[in-house]
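Engineer: here you go, sequence then predicted model.
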Amino acid sequence: MTKPSRTQPGYRNTFWWRIYDETAQAADLAFGWDKLPRPLGLLVLVGLRNILRQRNLHDTSGLPSAVPPKVPEPGPETLTTRTPDGAYNDLGQPAMGMAGTRFGRNVPLKYGYAEPPDRIMTPSPREVSRELLTRHEFIPATTLNLLAAAWIQFMVKDWFSHGAGDPGHYFEIPLADGDPWPQKPLQVLKTLPDPTRASDRAGPQTFLNTETPWWDASQLYGGGSTNQDQLPRRSGVDGKLLIGADNRLVLPDNPALSPAFVPGWWLGLNMMSTVFILEHNAIADALKAAYPQWADEDLYQRARLITAALIAKIHTVEWTPAIIAHPTTVTGMNANWWGVAGQRVRQVFGRLGSSEVISGIPGSETNHYGVPYSLTEEFSIVYRMHPLIADDYTFRSVADDQVIGEYTFPEIAGPHAQEVAGRMDLGDAIYSFGVAHPGALVLNNFPRFLQQFQRPDNDRLMDLAATDILRSRELGVPRYNQFRRLLHVKPARSFEDLTTDPAQLAALRRLYPDVESVDTIVGMLAEKRPAGFGFSDTAFRIFILMASRRLNSDRYFTEDFTPEIYTQTGMDWVQQTSMTDVLLRHYPQLRPALRGVANAFQPWRRVDGSVSSP
């Protein structure tokens, strides 16, 4: 039943690889990978990723544990299907990647401590929120559409969660004179401590990921300890998921089971959940046609595998190239999936050997790079992308582009999302997101409604901007300059290295005694970024390490990415389907708006012939 885990300590640590990596790092520090011609830039990124794989994967699972993960008993199905709790993805280490196991680290464990009480409130997260993050006017990300914002939150719901918090234990953030916060004091619920470390508080802090960190579409299918029963999932017929008779999302009436009452739910998540439930059901229909003798369970499990792989592919070759649209990274992300031989060669000839470089990661050998797979605390921080959310939403008819409704964010969030979705055709809502822009990931562009956010499950207000700052300090993510050093990047020498905006410079000097004190989130939002990039080069370092790792470590994207596991119908569906195909399959009325659109996450042309405007 078990097999050795595929780990390779000393990854690419030969003499010649060391020379290569050192040369790549020297070129990056001297010129910047993004300033080099594309072939050279790609070669540099390979070296940088080698270094990150060698030095920036740190295991927390081996720290003392009073309560080891409880692994369920295996059965024949664990060889070929994703388990609800993430167990047995690695057959030799069945607890790896289970819901309720620890976040790892991208920095050495000695740096992974929460900031002490005399530093964690310095400067005040609330003051950082008010002065450096508050949106005074909407700054659009003009190379993206709002589907890109909905998509990444849909992904985050799949990948990680720290849980609902530590009941009754709060940080109290001091408020300056004149602060208009209506509920004094401003409280932020502390993150639930790692209960498996109850008998050992001497080592680095650890926290549990309550979701499965695998790319297994658990936001649709359940499996994480926080969302197992939040959606009515199985129909029990032909492998399908439940969907309303009018192809609208069905939510439980019980608020305790409904995602609409979980903070973070909004129309964007409602929309993405609906689209991929419909896609799952279309896949189940295709499997039923190909294999009419299959039972509901067989159809469901194959359709789940195929849907999860399709989501991973869309993220890799469409969403990511849209948000980091530098020519070098667009080529690199396509190579992650297809290899340098390219999509056409892969689809015509199949894999050309086992190398991920030549033929891409899917179907290559599983590799954990010597460290058991997990997502990391640093990963969770760089994906705090709240500025993507707009404050105001205009909905238009895909038939003629006429305005059919205008809402603020609170009016399409929480339980209101389902209400708004019931008032309009979802094709119109998708079209409206396709022709609108999200916010840019820059300073002073945090959604104003999220700075005084009313939780749907209680009456406590939250300043999510202040919470983001406080979380990075609580979770032990080093501050910006130290973070960059640990990622082998030059630190900022002064505030002027971050921004030349006079108001922002004044706020930085007012809040921080020196550039070494700047919070990681603030630095990432402030820093100059490569051409075409929607987020910072600092975040990109975590991204190039972890984006491929999510595929490399998962046997369903590596050694088990085969027709025997997925079926040939499933393999063809994954490899031949784009996000545009998904949307048009279920909302064919979008065809005029998607005409000529190369990437569904980039701005669509309005059906009246005009171009999307901020």
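Structural biologist: Right, received. Where do you want to start? Numbering: from 1, shown residues only.
Engineer: need the helices for the stretch 351-500 of the chain, in chain order.
Structural biologist: For the stretch 351-500 of the chain, the helices defined by DSSP state H, counting those that start in this stretch occupy 356-359, 377-382, 416-423, 426-434, 464-474, 480-486.
Engineer: can I get the ones you listed in a markdown table with mean pLDDT, mean neighbour count and distance to residue 392?
Structural biologist: All C-beta spots, glycine's among them, are computed from the backbone N, C-alpha and C. Output for these, formatted as a markdown table (pLDDT from 0 to 100; neighbours: other CB atoms under 10 Å; distance: least, CB to CB, whole Å):
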| stretch | mean pLDDT | mean neighbour count | distance to residue 392 |
| --- | --- | --- | --- |
| helix 356-359 | 85 | 19 | 44 |
| helix 377-382 | 96 | 25 | 27 |
| helix 416-423 | 93 | 17 | 14 |
| helix 426-434 | 97 | 23 | 12 |
| helix 464-474 | 97 | 24 | 18 |
| helix 480-486 | 98 | 20 | 31 |
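Engineer: for residue 93, find the nearest of these.
Structural biologist: Of all the helices of the stretch 351-500 of the chain, it is helix 377-382 that lies closest to residue 93, at 20.0 Å by CB to CB.
Engineer: helices or strands up against that closest one?
Structural biologist: Counting contacts by 3 or more CB pairs under 8 Å, 6 or more residues apart in numbering; DSSP states H and E, helix 377-382 is packed against helix 520-526, helix 537-552.
Engineer: deepest-packed of those, please.
Structural biologist: Most buried of the helices and strands packed on helix 377-382 by mean neighbour count (mean count of other CB atoms under 10 Å) is helix 520-526; its value is a mean of 26.
Engineer: only alpha carbons, please: show that one as CSV.
Structural biologist: What follows is helix 520-526 as a C-alpha-only set of coordinates in CSV (Å, rounded to 0.1, in the frame of the first residue of the first chain):
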residue,chain,number,x,y,z
THR,A,520,6.0,43.4,4.5
ILE,A,521,2.5,44.1,3.2
VAL,A,522,3.3,47.9,3.0
GLY,A,523,6.6,47.3,1.3
MET,A,524,5.1,45.0,-1.3
LEU,A,525,2.3,47.4,-2.1
ALA,A,526,4.8,50.3,-2.4
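Engineer: if you count neighbours, what's buried in the longest helix along the chain?
Structural biologist: When the chain is parsed with DSSP state H, its longest helix is helix 267-290. Of the residues in helix 267-290, 267-284, 286-288 count as buried by neighbour count, 16 or more other CB atoms under 10 Å.
Engineer: before we move on, what about stretch 41-54?
Structural biologist: Buried residues in stretch 41-54 (16+ other CB under 10 Å): 41-54.
Engineer: for the helices and strands packed on helix 377-382, which one sits closest to residue 170?
Structural biologist: For residue 170, the closest of the helices and strands packed on helix 377-382 is helix 520-526, at 20.7 Å, according to CB to CB.
Engineer: hmm, who's touching that closest one?
Structural biologist: Outside helix 520-526, the residues that touch it by CB atoms under 8 Å, 6 or more residues apart in numbering are 128, 132-133, 381-382, 384, 387, 441-443, 445, 468-469, 472, 477-481, 483-484, 492, 498-499, 504, 508, 518, 535-536, 538-539.
Engineer: change it to 7 Å
Structural biologist: Applying CB atoms under 7 Å, 6 or more residues apart in numbering, the contact partners of helix 520-526 are 128, 132, 381, 384, 441-443, 468-469, 472, 477-480, 483, 492, 498-499, 504, 536, 538-539.
Engineer: can you check stretch 148-158 too?
Structural biologist: Residues outside stretch 148-158 that contact it (CB under 7 Å, 6+ apart): 211, 215, 217-219, 264, 268-269, 271-272, 315, 319, 322-323, 383, 385, 388-389, 433, 438, 601.
Engineer: taking the residues you listed, please make a PyMOL selection of just the buried ones.
Structural biologist: Entered in PyMOL, the line below selects the buried ones among the contacts of stretch 148-158, by 16+ other CB under 10 Å:
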select buried, resi 211+215+217+218+219+264+268+269+271+272+315+319+322+323+383+385+388+389+433+438+601
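Engineer: TSV for the helices and strands packed on helix 377-382, including distance to residue 365 and mean pLDDT?
Structural biologist: Shown next, in TSV, are those (distance: least, CB to CB, whole Å; pLDDT from 0 to 100):
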stretch	distance to residue 365	mean pLDDT
helix 520-526	33	98
helix 537-552	9	96
